[in-house]
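Novice: the amino acid sequence is not available; the structure is as follows:
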């Protein structure tokens, strides 16, 4: 932190058994609820934060990118700034189309995926019942899910959900490689949002 400039607190979390998702049939796998109902209040109580959505962001990569998108769409009242990276959006589409199933053994609650949540968020935005989230999706062009990230961006376009994007040429599915090339852009996105 530079003298005279506001600081930012980054918290890196382990998402639990199934990242930041609640599994309807597994009481031990309630990562979303733990994140929202326990971790955020703990951070705000323990550290000198500005405990408001206008000063809170969320970011994740890969499975964490999926979780970031789910949590920010569902909890627009908690997050102003959201930067999901390299999310497995093809898997999310399949979950939407199968009534919650990612596989035979992995089932989410119906509607708990980034496709259904985006549609719901867009509808709530039209009714002005939820504040706008500032989104910035990031992905590398050599990532195995690059194309499905582009397809999800097109889906957001179809719902008129605005977002920024950072596409890192030649970067594989690797948060460290993307941060190596675009860290300043990713961090500045949040800081700019918080400064508005």
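Specialist: Cool, the structure landed. In this text, all values refer to a predicted model and were calculated from it rather than measured experimentally. Numbering: from 1, shown residues only.

Novice: so which residue is dead centre in the chain?
Specialist: Centroid-nearest residue in the chain: residue 68, 1.9 Å away (criterion: C-alpha atoms, centre = their mean).

Novice: tell me if I'm right that it and residue 88 touch.
Specialist: No: Residue 68 is beyond contact range of residue 88, at 11.9 Å (criterion: C-beta atoms under 8 Å). All C-beta atoms are positioned from the backbone trio N, CA, C, and that covers glycine.

Novice: follow-up on the earlier one: which pLDDT does the model give the residue nearest to the centre of the chain?
Specialist: The per-residue pLDDT reported for residue 68 equals 95.

Novice: residues touching it, list them.
Specialist: Counting by C-beta atoms under 8 Å, 6 or more residues apart in numbering, residue 68 touches 20, 58, 59, 60, 82, 83, 84, 85, 87.

Novice: most neighbours among those residues, please name it.
Specialist: Neighbour counts for those (other C-beta atoms under 10 Å) peak at residue 84, which has 30 neighbours.

Novice: phi and psi next, for it.
Specialist: As for residue 84, its main-chain torsions (degrees, to the nearest 10) stand at phi -80, psi 130.

Novice: and it, bridged to which residues?
Specialist: In this structure, residue 84 bridges to residue 60 when assessed by DSSP bridges.

Novice: okay, it and residue 60: tell me how far apart.
Specialist: In this view, residue 84 and residue 60 are 6 Å apart by C-beta to C-beta, to the nearest Å.
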